[in-house]
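*Asks:* the amino acid sequence is not available; the structure is as follows:
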């Protein structure tokens, strides 16, 4: 009589992991990798319209588009400078206020209920950037409420033209960016601080450490990965700044283009159908964002390594 052995088939669940991550790679390849490769390819060609009717190219020109962008007469450095000024002017108050609010609302001694505050902080981020730009353009306009308050306080008979001065124009753009993103940053920092072991704060309190010392010696080092993430994402977002300056500066032409960003400059090449220059500018912007992000990452890593060596030397 034949022996009745049941062969147990081993079940492998490894394939399900690949199936679940497959949609990400499909979307990434179709909507990011292929367009990136196409942009790099087009950047080596001369391809534009003359007077909107006559097509020139595509003709292979090598690195001529890149040389044109870095020519002495090119305004690309000016627009890069504008972009960084606007980003820094909005990012510095954003990170300062976000750290301040995050430390307040996570302080166990204050016992604040943070649910409603999180909603209030995040609300400006829900509003479209174009809508925020139009709102503030109306508020700071010649006949807007800000000028009404200004004239009633100072007694001036003429309004202050915010959009006819470089400093005030950049201030309005930076203010909008700050209001739109500080809430999102605050919520991320609150989550990071809530992930810190409360016993560390209790030990510091028992040792008599001041709140400021606790914040600098415990909170900041432990939330550094989130701070790095905020810095890199904010930097990339700053390089992609478009809608708010586009509305505030009237298509970037106001005040001798002192608030025109790199993306606004790129849009002008796309609007004029100069795909070769637009491709070269996109590649340059990609390289700048990648280099700056890696630089920030390695600087933070190097600082952590030095601190660890110092602590090891003290022991």
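*Replies:* Received it, and whenever you're ready, just let me know what you need. These numbers come from a predicted model, not from an experiment.

*Asks:* gap between stretch 132-139 and the chain center?
*Replies:* Distance, stretch centre to chain centre, for stretch 132-139: 21 Å (C-alpha atoms, centre = their mean, to the nearest Å).

*Asks:* list the buried ones in it?
*Replies:* The neighbour-count check on stretch 132-139 (16 or more other C-beta atoms under 10 Å) flags 132, 133, 136, 137 as buried. Quick note: C-beta positions are derived from backbone N, CA and C, even for glycine.

*Asks:* what residues does it touch?
*Replies:* Residues from elsewhere that reach stretch 132-139 (C-beta atoms under 8 Å, 6 or more residues apart in numbering): 124, 144-146, 163, 172, 175-176, 179-180, 243-244, 246-248.

*Asks:* and what of stretch 193-203?
*Replies:* 102, 103, 106, 108, 214, 218, 219, 222, 223.

*Asks:* narrow the residues you listed to those in helices?
*Replies:* Taking DSSP state H, the ones among the contacts of stretch 193-203 that sit in helices are 102, 103, 214, 222.

*Asks:* on that earlier part again, which of the contacts of stretch 193-203 has the weakest pLDDT?
*Replies:* Among the contacts of stretch 193-203, residue 108 carries the weakest pLDDT, at 70.

*Asks:* distance of it from residue 223?
*Replies:* 16 Å (C-beta to C-beta, to the nearest Å).

*Asks:* cool, and residue 279?
*Replies:* From residue 279 to residue 223 the distance is 39 Å (C-beta to C-beta).

*Asks:* do residue 164 as well
*Replies:* 42 Å.

*Asks:* which residue of the two possesses the greater neighbour count?
*Replies:* Neighbours were tallied for residue 164 and for residue 223 using other C-beta atoms under 10 Å; the higher tally belongs to residue 223 (23 against 11).

*Asks:* tell me the contacts of the more buried one?
*Replies:* Contacts of residue 223 (C-beta under 8 Å, 6+ apart): 189, 192, 193, 196.

*Asks:* apply 7 Å and report the result again.
*Replies:* If you count contacts by C-beta atoms under 7 Å, 6 or more residues apart in numbering, residue 223 has them with 189, 192, 193.

*Asks:* phi, psi for it please.
*Replies:* Phi and psi for residue 223, reported as degrees, to the nearest 10, are phi -100, psi 10.

*Asks:* swap in residue 48?
*Replies:* According to degrees, to the nearest 10, residue 48 has phi -160, psi 170.

*Asks:* burial of the closest residue to it other than its chain neighbours, as a residue count?
*Replies:* Using C-beta to C-beta, 6 or more residues apart in numbering and skipping the chain neighbours, the partner closest in space to residue 48 is residue 274 (4.0 Å). Residues near residue 274, counting by other C-beta under 10 Å, number 20.

*Asks:* same deal with residue 66?
*Replies:* 17.

*Asks:* hang on, it in a helix?
*Replies:* Yes. Read with DSSP: H, G, I helix; E, B strand; the rest coil, residue 66 is one of the residues of a helix.

*Asks:* list the contacts of the nearest residue to it once chain neighbours are set aside.
*Replies:* Counting by C-beta to C-beta, 6+ apart, residue 280 is the residue found nearest to residue 66 once chain neighbours are left out, at 5.1 Å. By C-beta under 7 Å, 6+ apart, the contact set of residue 280 is 43, 65, 66, 69.

*Asks:* in JSON lines: the contacts of stretch 193-203, plus distance to residue 270.
*Replies:* JSON lines is the format used below for the contacts of stretch 193-203 (distance: C-beta to C-beta, whole Å):
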{"residue": "102", "distance to residue 270": "39"}
{"residue": "103", "distance to residue 270": "43"}
{"residue": "106", "distance to residue 270": "44"}
{"residue": "108", "distance to residue 270": "52"}
{"residue": "214", "distance to residue 270": "51"}
{"residue": "218", "distance to residue 270": "49"}
{"residue": "219", "distance to residue 270": "44"}
{"residue": "222", "distance to residue 270": "44"}
{"residue": "223", "distance to residue 270": "39"}
